[in-house]
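>>> Quick one, fold the following:
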Amino acid sequence: MPAAGGLIIAHGRRYFRDPWSVFDLLAVTIALVPAAEGFAVLRTLRVLRALRLISAVPRLRAVVEALLSAIPGISSIFALLLLIFYVAAVMATKLFGAAGPEWFGSVARSFFTLFQIMTLEGWADIARSLMVTEPWAWLFFVPFILIVTFTVLKWAA
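Have a look, this model is predicted:
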């Protein structure tokens with residue numbers, strides 16, 4: 001803390017106008033708090049001090065500004081994906097809850113399973129095991145994968 005204390009004395013009130021200086025002060029202060037369990041996790045925030053490079057490198061700043069300007073579009077795609085997932089999770093719970101309760105026994109399980117299916121991780125195994133009792137199950141999974149994939153591709157475009 002002596003370094004931060006020296007900077008506060010040297011810069012005066014201007015020190016608190018710079019958000020990075022305030023962040024550094026908070027990170028160092030949290031690091032000096034005795035090792036209580038709640039504060040021990042907050043010490044990892046000191047790693048975020050590396051984010052100061054964003055303001056130092058102009059090209060990196062341009063990339064971050066572009067990412068920040070894309071947030072409204074990303075949030076609308078995220079909202080659309082959330083809506084698609086919710087509708088599909090309710091449908092999957094009703095359609096496959098009895099046949100595959102470990103995957104579709106509740107809406108929460110359906111959300112997780114549908115996310116797994118969206119990533120194409122083991123979706124064929126899930127579909128094949130359900131098709132033993134529900135031979136038309138592929139009619140749900142294939143359109144779901146196509147819709148979600150094109151929605152995510154729109155996000156990337």
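
>>> What are the buried residues along stretch 146-153?
Going by neighbour count (16 or more other CB atoms under 10 Å), the buried part of stretch 146-153 is 148, 151. In this view, the C-beta of every residue, glycine as well, is placed from N, C-alpha and C.

>>> Check stretch 140-147 too.
Along stretch 140-147, these residues count as buried under the neighbour rule (16+ other CB under 10 Å): 140, 141, 144, 145.

>>> tell me the mean pLDDT for that stretch?
Regarding stretch 140-147, the rounded mean pLDDT is 95.

>>> Could you export that stretch as CSV, CA atoms only?
Provided in CSV are the C-alpha atoms of stretch 140-147 (Å, rounded to 0.1, in the frame of the first residue of the first chain):
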residue,chain,number,x,y,z
PHE,A,140,-37.4,-32.6,-32.9
PHE,A,141,-33.6,-32.7,-32.8
VAL,A,142,-32.7,-32.0,-36.4
PRO,A,143,-34.8,-28.8,-36.8
PHE,A,144,-33.6,-27.6,-33.3
ILE,A,145,-30.0,-28.0,-34.3
LEU,A,146,-30.5,-26.2,-37.6
ILE,A,147,-32.5,-23.3,-36.0
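
>>> Report the separation between residue 56 and residue 19.
14 Å (CB to CB, to the nearest Å).

>>> nearest to residue 86, of the buried residues of stretch 140-147?
residue 144 (12.5 Å; CB to CB).

>>> The closest one and residue 79, how far apart?
Distance from residue 144 to residue 79, by CB to CB: 18 Å.

>>> Then residue 55?
Residue 55 is 31 Å from residue 79, by CB to CB.
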